[in-house]
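Colleague: Below are the sequence and a predicted model; questions follow.
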Amino acid sequence: MPTVISRALIATGAAAGLALLAAGTAAAHVEVTSPGAHQGDDAVLTFRVPDESETASTTKLSITLPNVDEAYTQPLAGWTPTLTKNDKNQYTTVTWTADPGNAGISPGQFQLFPVLVAPLPKQDRATFPAVQTYSDGKIVTWNQQPGPDGKEPENPTPSLTLAAADSDDDMAGMTSNTKSASETDNTARWLGGVGLVLGALGAAFGLGAIVRGRRA
């Protein structure tokens with residue numbers, strides 16, 4: 001697995017925690033979170049799925065992925081994940097289906113669905129249209145974009161803002177590494193110069209001792 005594990009798994013706990021906090025305050029929509037997600041990088045996407053029905057449970061969730069090269073689902077008790085690919089061997093969808101005996105997401109409850117993907121698209125915002133299926137056969141599609149007035153639609157598309165690949169954090173890390181390397185190099189040169197001086201002095205003292213010995 002190339003760079004897939006680098007920072008994505010570290011962010012899993014943070015993503016789930018933020019999603020839990022958001023569940024109590026945000027509108028009851030299917031949403032996606034991934035703190036610190038960067039364009040072209042790997043990331044753990046956590047989908048928060050509330051059940052909005054008063055009588056039926058959510059038994060299936062399907063998410064459209066932006067044609068990623070790698071996708072990995074996390075074991076989730078009571079749910080079976082399915083990944084599909086296109087003719088270019090890219091992952092296009094991930095679907096979770098409630099197992100037999102699992103009632104799914106009951107009314108008034110929500111569930112978190114994590115998936116690790118790589119790489120994220122190199123654009124400012126990534127969208128993940130979703131299809132939510134209920135036990136009574138009702139299907140809700142989350143694929144609407146905000147209108148010209150910016151007003152949120154009834155069934156908004158789960159979306160994620162992505163930081164630029166060469167963000168300030170990355171540049172700061174590069175600058176710090178470059179500075180450290182420069183300081184190390186300067187220190188080595190200084191020590192080397194001191195060594196040369198001491199060597200020259202030692203040679204001079206040695207030569208003086210020989211001359212004095214011959215005169216004696």
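Modeller: Yes, it's here.
Colleague: low-scoring pLDDT stretches of the protein, where are they?
Modeller: 1-27, 166-216 (pLDDT under 70).
Colleague: can I see the domain layout of the chain?
Modeller: Split into domains by automatic domain parsing, the chain comes to 9-165, 166-216.
Colleague: name the helices or strands packed onto the longest strand anywhere in the chain?
Modeller: Criterion DSSP state E: the longest strand present in the chain is strand 58-68. Strand 58-68 is packed against strand 43-50, strand 91-98, strand 110-118, strand 130-134, with contacts defined by 3 or more CB pairs under 8 Å, 6 or more residues apart in numbering; DSSP states H and E. Yep, even glycine has a C-beta here, placed from its N, CA and C like the rest.
Colleague: Tell me what angle the shortest one forms with strand 43-50.
Modeller: An angle of 40 degrees separates the directions of strand 130-134 and strand 43-50 when computed by axes from the mean of the first three to the mean of the last three CA atoms, to 10 degrees.
Colleague: which neighbours does strand 130-134 have in its sheet, and in what orientation?
Modeller: strand 58-68 (antiparallel), strand 139-142 (antiparallel) (DSSP bridges).
Colleague: now the first one
Modeller: Within its sheet, strand 43-50 is paired with strand 31-33 (antiparallel), strand 110-118 (antiparallel), according to DSSP bridges.
Colleague: Identify, out of those strands, the most deeply packed stretch.
Modeller: strand 31-33 (a mean of 23; mean count of other CB atoms under 10 Å).
Colleague: rewinding a little: so which of the helices and strands packed on strand 58-68 is the most packed in?
Modeller: Comparing those by mean count of other CB under 10 Å gives strand 43-50 as most buried, with a mean of 24.
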